[in-house]
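Peer 1: My questions are about this predicted structure, shown below with the sequence.
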Amino acid sequence: MKKRSLSYLYVPLKLNEKERNELKMTYKELADLIFPNVKDIKYYEEKYPERNLPEGAVVTRFAPSPTGFVHIGGLYQSLVAKTIANKTKGVFFLRVEDTDQKREVENGITDIVNSLKTFDMAPDEGMISDTEEIGDYGPYKQSLRKDIYQSYAKYMIEMGKAYPCFCTPEEGEELRKKQEAAKVRTGYYGVWAKCRNYSIDEMVEKIKNGEEYVIRFKSPGREDRKIKHKDVIKGNVDFPENDQDIVIIKSDGLPTYHFAHAVDDHLMRTTHVIRSDEWLSSVPLHLQLFQELGFKAPKYAHISPIMKNDNGNKRKLSKRKDPEAAVSYYEEMGVPDLAIKEYLLNIANSSFENWRRQNKDAKIEDFDFSLNKMSVSGALFDMVKLLDVSKIVISKFSAEEVYEKALKWAKTHDEELTKLLEDKEYSLKIFNIERGNQKPRKDIAKWSDVKDSIIYMYDDKFLNANIEYPYQVINNKEDINKILDLYIEKYYNEEDDKQTWFDKIKELAGEMGYAKEVKEFKQNPEMYKAHVGDVSTVLRVALTGRTNTPDMYEIMQVLGKDSIIKRFQKARI
RNA sequence: GGCCCCUUGGUCAAGCGGUUAAGACAUCGCCCUUUCACGGCGGAGACAUGGGUUCGAUUCCCGUAGGGGUCACCA
């Protein structure tokens, strides 16, 4: 590939130096006419110096536009950006891209800030509320940076690298149609860039006549030349050079994304631009902008979006169509934020899973995350897998943590659960069943599962409920009543340890003529009506109304004798 | 349509010229003093396709097909 020349002069090269200076002067006059009251870019260059950071430190950012809820993809980007910044002792900042007033949404910024906060991903710098920010490289809200963009736009005009364009949107539309009809590339470029060729005098005149205009970048690119770009994630990508004279300042005086990106990420000294891969095809433009502005270009890492399977088609998770695209969706379901982060990390670096298995109790911050190990193609979002990760995450919480988190969730989402949890001491006993040992129970995947998994443990709920007892093998009234009566009268003792308790159920089974061992029953099925397991099931069903529960010994310990007796009475009728 | 990217089991994915092609989730079976969950063991299941290059291609090159992205005074 041919190396690109480093500078482009837009004044005819045949002119002598004096003439050239005169022409430059006129560019200056044009620039002064358009932006009379902005500072020289030197001011900003000095105000926002290179950051003083350790070797290898990476500066990243999350730069959303405040257009409503936070997308899971945005969270994903932030997680990656923050992780890599923290790992290198760099900086992660939040910049709000609100240059499109039409799309503004109320509380947009607050939503973003709060979301990051709940995920324990607050930025080191940038917006921390709707109006407040921290850090020395602000403002971090683009609408407050209008003067800055205009300074740089003015500089571009002075250099002959940008010009006012007087084409109306309608003319733009016409141009596009013409190009489509002629089957050529659409856009404002080359011979189609009408306003590019006006003389300075003509431009000045139009402006003085009050014609509306935007500022366009005068692209030095040629479509027939290729540029090479090495993306941190995607690897080598070749593109044709950009030759579009894109708008850099809109008629409302605010910049377009592209220009704001170049100016901001330069001034904020971003080293790595981590963003969604929908931007990949803008890289030639962005690189050119950095070049023409005289900025050092950042490294780019384009993240593949999270996809969804839609009737056999893969597509990006959509804000509009997919509720699961919003991070609030998971909050409402009660998926712990740690689970979501682990799941996303899983997608980001598949080695995370192995690491997690080997470092069960480590903090996710200790995982050696690597940007360039990220996948180049988009992953299908897998709710089942998320919930599996979540189950494991929750299984590692202490009963106290489960209690606190479930309660917090319940307070905003489930009144009945909130009431159940009022008795903290009792609730903790329940959450402690089969928890904290080597093989903790993994039956809660989200806080919305909690109520169903504990409700039968509360007497005032259970004893007053209308319950259908799902008895299994032993299902006749007589035998059931006999088992329940005998168990209470003869066998049950609150003081028993687990083995004794276990043996006593065997005794009971024996007394009733059932097999005391399941194996024995299986060997001689014709000798017995049922086995000890079936007897257990009767007790379990009478006690809980369910066939599937955690360890029955522990359940009995938590319920206590009074409750057990009451439950058996209710069951025998 | 132009340009760009991608394609390993149902899903997420290791792999970087020679492997019995890892692992996880899901699924199926067995085991784990009585359920369920957990755990253990095992099964089934993949390199889109056609050409090259090579002694040898999942791996490199080209084409085809499929998927995705992008072509705004939106970001």
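Peer 2: On my side now, so go ahead.

Peer 1: how many neighbours does residue A:476 have?
Peer 2: 9 (other C-beta atoms under 10 Å). In this view, the C-beta of every residue, glycine as well, is placed from N, C-alpha and C.

Peer 1: If you could redo that for residue A:156, that was the one I meant.
Peer 2: The burial count assigned to residue A:156 is 25, neighbours taken as other C-beta under 10 Å.

Peer 1: The residue nearest the centre of chain A: what secondary structure?
Peer 2: In chain A, the residue lying closest to the centroid (C-alpha atoms, centre = their mean) is residue A:75, at 2.1 Å. State at residue A:75, reduced to three classes by DSSP: H, G, I helix; E, B strand; the rest coil: helix.

Peer 1: Who are the contact partners of it?
Peer 2: A:115, A:119, A:121, A:327, A:340, A:344 (C-beta atoms under 8 Å, 6 or more residues apart in numbering).

Peer 1: same deal with residue A:463?
Peer 2: Residue A:463 makes contacts with A:566-567, A:570, as judged by C-beta under 8 Å, 6+ apart.

Peer 1: Quick one: find the helix or strand in chain A with the lowest mean pLDDT.
Peer 2: Within chain A, judged by mean pLDDT, DSSP states H and E, the helix or strand with the poorest mean is helix A:17-34; its value is a mean of 75.

Peer 1: now whatever helix or strand comes next after that one, how far from the centre of its chain.
Peer 2: On the C-terminal side of helix A:17-34, the nearest following helix or strand under DSSP states H and E is helix A:41-47. Relative to the chain's own centre, helix A:41-47 is displaced by 35 Å; criterion: C-alpha atoms, centre = their mean, to the nearest Å.

Peer 1: Any part of the helix or strand just after helix A:41-47 near RNA strand B?
Peer 2: Using DSSP H and E, the helix or strand that follows helix A:41-47 in sequence is strand A:59-62. No: against RNA strand B, strand A:59-62 shows no contacts by C-beta under 7 Å from any atom of the strand, the least distance being 11.3 Å.

Peer 1: Neighbouring strands of strand A:59-62 in the sheet, and parallel or not?
Peer 2: Partners of strand A:59-62 in the sheet, by DSSP bridges, are strand A:91-94 (parallel).

Peer 1: The strand it pairs with near RNA strand B anywhere?
Peer 2: No: in this structure, strand A:91-94 remains apart from RNA strand B according to C-beta under 7 Å from any atom of the strand; the gap is never smaller than 12.7 Å.

Peer 1: same deal with stretch A:486-503?
Peer 2: Yes: for a cut-off given as C-beta under 7 Å from any atom of the strand, stretch A:486-503 has contacts with RNA strand B, namely A:498-499, A:501-502.

Peer 1: among those residues, which are in helices?
Peer 2: For these, membership in helices holds for A:498-499, A:501-502, with DSSP state H as the criterion.

Peer 1: And those residues, which two are furthest apart?
Peer 2: A:499 and A:501 (7.1 Å; C-beta to C-beta).

Peer 1: Comparing these two, which residue is more hemmed in?
Peer 2: residue A:501 (18 against 9).

Peer 1: Which one of the residues in the stretch 51-200 of chain A is closest to RNA strand B?
Peer 2: Among the residues of the stretch 51-200 of chain A, residue A:97 lies nearest to RNA strand B; the distance is 3.0 Å by C-beta to the nearest atom of the strand.

Peer 1: picking up where we left off before, return the members of the contacts of residue A:75 classed as buried.
Peer 2: When burial is judged by neighbour count using 16 or more other C-beta atoms under 10 Å, the buried members of these are A:115, A:119, A:121, A:327, A:340, A:344.

Peer 1: Helix or strand: which one has the fifth one?
Peer 2: Translated: residue A:340. Counting by DSSP H and E, the secondary-structure element that holds residue A:340 is helix A:337-348.

Peer 1: would you put the C-alpha positions of that helix in CSV?
Peer 2: Only the C-alpha atoms of helix A:337-348 are listed here, as CSV (Å, rounded to 0.1, in the frame of the first residue of the first chain):
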residue,chain,number,x,y,z
ASP,A,337,-26.0,-7.3,38.7
LEU,A,338,-23.0,-9.4,39.5
ALA,A,339,-24.5,-12.2,37.5
ILE,A,340,-25.0,-10.0,34.5
LYS,A,341,-21.5,-8.8,34.7
GLU,A,342,-20.2,-12.3,34.9
TYR,A,343,-22.3,-13.4,32.0
LEU,A,344,-21.1,-10.5,29.9
LEU,A,345,-17.5,-11.2,30.8
ASN,A,346,-18.2,-14.7,29.7
ILE,A,347,-19.2,-13.5,26.3
ALA,A,348,-16.3,-11.0,26.2
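
Peer 1: mean confidence for it?
Peer 2: The pLDDT scores in helix A:337-348 average 94.

Peer 1: Tell me the buried residues in the following helix or strand past that helix?
Peer 2: From helix A:337-348 onward toward the C-terminus, using DSSP H and E, the following helix or strand is helix A:351-358. Residues of helix A:351-358 classed as buried by neighbour count (16+ other C-beta under 10 Å): A:352, A:355-356.

Peer 1: Now tabulate the contacts of residue A:463 in TSV and tack on distance to RNA strand B.
Peer 2: Output for those, formatted as TSV (distance: C-beta to the nearest atom of the strand, whole Å):
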residue	distance to RNA strand B
A:566	21
A:567	16
A:570	20
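
Peer 1: Is it possible to get CSV of those that adds secondary structure?
Peer 2: As requested, the contacts of residue A:463 are exported to CSV (three-state DSSP):
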residue, secondary structure
A:566, helix
A:567, helix
A:570, helix
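
Peer 1: PyMOL command for the buried members of those?
Peer 2: Buried residues among those (16+ other C-beta under 10 Å), as a PyMOL selection:
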select buried, chain A and resi 567+570
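
Peer 1: So for residue A:388, what's the pLDDT?
Peer 2: pLDDT recorded at residue A:388 is 95.

Peer 1: and it, what does it touch?
Peer 2: Taking C-beta under 8 Å, 6+ apart as the test, what residue A:388 contacts is residue A:445.

Peer 1: On the three-state scheme, it is what?
Peer 2: helix.

Peer 1: ok, back up a step: near RNA strand B too, which of the contacts of residue A:75?
Peer 2: Within the contacts of residue A:75, nothing lies near RNA strand B by C-beta under 7 Å from any atom of the strand.

Peer 1: Can you tell me, leaving aside adjacent residues, what's nearest to residue A:99?
Peer 2: Nearest-residue entry for residue A:99: residue A:254, 4.5 Å, with adjacent residues in sequence omitted and distances by C-beta to C-beta, 6 or more residues apart in numbering.

Peer 1: Make sure that neighbour is actually in contact with residue A:149.
Peer 2: Yes: A contact is recorded between residue A:254 and residue A:149 when judged using C-beta atoms under 8 Å, the distance being 7.3 Å.

Peer 1: out of the two, which sits in the busier spot?
Peer 2: Of the pair residue A:254 and residue A:149, residue A:149 is the one with more neighbours under other C-beta under 10 Å, namely 25 against 19.

Peer 1: ok, whichever strand or helix holds that one near RNA strand B or not?
Peer 2: Here residue A:149, judged by DSSP H and E, is contained in helix A:146-158. No: among the residues of helix A:146-158, none lie within reach of RNA strand B under C-beta under 7 Å from any atom of the strand; the closest is 10.8 Å away.

Peer 1: State the number of residues packed around residue A:185.
Peer 2: Residues within reach of residue A:185, counting by other C-beta under 10 Å, total 14.

Peer 1: how close does the closest residue to it other than its chain neighbours get to residue A:522?
Peer 2: Spatial nearest neighbour of residue A:185, chain neighbours left out: residue A:179 (6.9 Å); criterion: C-beta to C-beta, 6+ apart. Remark: distance between residue A:179 and residue A:522 (C-beta to C-beta, to the nearest Å) = 80 Å.

Peer 1: Compare these two and say which is more crowded by neighbours.
Peer 2: Ranked by neighbour count (other C-beta under 10 Å), residue A:179 and residue A:522 place residue A:179 first, with 16 against 10.
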